[in-house]
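[1] based on what follows, work out the 3D shape:
(one chain, ligands or ions: 1)
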Amino acid sequence: MIENFKTEIDLGLSSTTKKLPSKYFYNKKGDALFVEIMNLPEYYLTRSEFDIFKNKTQDLIQHLGLEKNTFFELIELGAGDGTKTKQLLKSLSKENYSFNYLPIDISHNALSLLKKDLQNSLPKVLVHTQQGDYFEVLASLKQSNHPKVVLFLGSNIGNMEDAVAAKFLKNLAANLQTNDTLLLGVDLIKAKEIILPAYNDSKGVTAQFNLNLLQRINDELGGNFNLDDFDHAPEYNEREGIAKSYIVSNRSQTVHITATGNTYHFNKGEKIHTEISRKYNDALLQEIIKDSDLHIQTKIVDSKQYFADYILKKQ
Ligand SMILES: C[S@@+](CC[C@H](N)C(=O)[O-])C[C@H]1O[C@@H](n2cnc3c(N)ncnc32)[C@H](O)[C@@H]1O
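    Below you'll find the model as predicted:
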């Protein structure tokens, strides 16, 4: 992990347009900041998807084709704190469905908190956590022949460029069996006035979350970033339907990272791209699944129609 971290950071900071992978946001501090973000008034995404999970649980269960007498594996990619999933787990457990819950996350800390939480709140649910990068664990899904339901929530898919998302879904589908399902949560295209504040809250928590990536480089790779010399700068392009987060250098400066042995120069105003959050509509979703064996079964939206959970079936 540390070797990959070092290599990817060096590569990203050495390229002409500087970038850092968003998966490295999630250390202990980043996990806690993201939980704070989910509760912010501006961050509508979690509330919208929670609305679906809380108020349309039976629709989800029905469209996922779950049956009480057939054991299945409920696999979640990038589970985080599982706030929304717990609504579904609660119903499945109460109604005596037979299943195991298998959350996968890159953050060891997030998984151990989630496991502890579920042991207390839903002791009947069998939980097997797997720490790893979801790009690298898909092949392991083939290890069992049980029917599978895969959850990929929170519009995490939107953190991938379209071509990467299409390849990821194709690969995911190739590791599933016929009739397995994917519950894919995506944020829908809407006005800039609603979307941009979700990445630029008034309390500055998202700014802290973004800049924590530099702190993590300081802590784990011996960097000497001064966080005061950098600002959080989100953008939303309404035509493309894509929000992008940047860290901007507010002065001309150089930063040294001991682990890479390199020094990086930043011009005043130079941007480091840290995250993409693509927004979707039906056509854009069709585009990223068209090369996979996944077909849309149904789409469930929240009461404000901000967010959609698509249920896709492997053919
Ligand atoms: C934005 S949070 C969303 C959490 C949850 N899915 C939700 O909807 O509330 C992203 C989660 O995905 C995890 N994650 C990000 N990139 C990952 C990767 N490449 N592989 C595995 N987990 C990843 C993070 O650790 C974090 O828990």
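[2] gap between the nearest residue to His108 once chain neighbours are set aside and the ligand?
    The spatial neighbour of His108 that comes closest, neighbours along the chain excluded (C-beta to C-beta, 6 or more residues apart in numbering), is Gln131 at 5.1 Å. (Each C-beta comes from the backbone N, C-alpha and C, glycine too.) With distances taken as C-beta to the nearest ligand atom, to the nearest Å, Gln131 is found 9 Å from the ligand.
[3] then Phe225?
    21 Å.
[4] count the residues that sit near the residue nearest to that residue when sequence neighbours are not counted.
    Leaving aside its sequence neighbours, Phe225 sits nearest to Leu214 (C-beta to C-beta, 6+ apart; 4.1 Å). The number of residues packed near Leu214 is 20, by other C-beta atoms under 10 Å.
[5] adjust the sequence numbering to begin at 39 for everything that follows.
    Got it, the first residue is 39 from now on, which makes the last one we talked about Leu252.
[6] correct me if wrong: the residue nearest to His146 contacts Ala148.
    No - taking contacts as C-beta atoms under 8 Å, Gln169 lies outside contact range of Ala148: 9.2 Å.
[7] between those two, who's got more neighbours?
    Set side by side, Gln169 and Ala148 show more neighbours around Ala148, with 26 against 16, by other C-beta under 10 Å.
[8] get me the contact residues on the stretch 89-238 of the chain for the ligand.
    Within reach of the ligand by C-beta under 6 Å from any ligand atom, the stretch 89-238 of the chain has these residues: 116-118, 143-145, 148, 171-173, 191-192, 194.
[9] are any of the residues you listed buried, and which?
    Neighbour-count burial (16 or more other C-beta atoms under 10 Å) applied to those gives Gly116, Ala117, Gly118, Asp143, Ile144, Ser145, Ala148, Tyr172, Leu191, Gly192, Asn194.
[10] beta partners of the fourth one?
    Right, Asp143. Gln169 (DSSP bridges).
[11] could you list the residues in contact with stretch 190-210?
    Around stretch 190-210, the neighbours that count as contacts under C-beta atoms under 8 Å, 6 or more residues apart in numbering are 60, 83-84, 87, 114-116, 118, 122-123, 173, 176, 179, 188, 220-225, 313-318, 322, 325-330, 332, 345, 347.
[12] and the closest residue to the ligand within the stretch 89-238 of the chain, what are its phi and psi?
    Residue nearest to the ligand within the stretch 89-238 of the chain: Gly192 (2.2 Å; C-beta to the nearest ligand atom). Main-chain dihedrals, Gly192, degrees, to the nearest 10: phi 70, psi 10.
[13] which one of the residues of the stretch 89-238 of the chain next to the ligand is nearest Thr216?
    When these are compared for distance to Thr216 (C-beta to C-beta), Tyr172 wins out at 22.0 Å.
[14] leaving aside the residues next to it on the chain, what's closest to the closest one?
    In space, Tyr172 is closest to Leu115, 4.5 Å off (C-beta to C-beta, 6+ apart).
[15] pLDDT value on the one you found, please?
    pLDDT, Leu115: 98.
[16] could you look up the next helix or strand downstream of the top helix by length along the chain?
    Longest helix in the chain, counting residues (DSSP state H): helix 243-259. Toward the C-terminus, helix 243-259 is succeeded by strand 268-275 as the next helix or strand (DSSP states H and E).
[17] that following strand vs helix 243-259, what angle?
    When axes from the mean of the first three to the mean of the last three C-alpha atoms, to 10 degrees is applied, the directions of strand 268-275 and helix 243-259 differ by 130 degrees.
[18] this completes my enquiry, with thanks.
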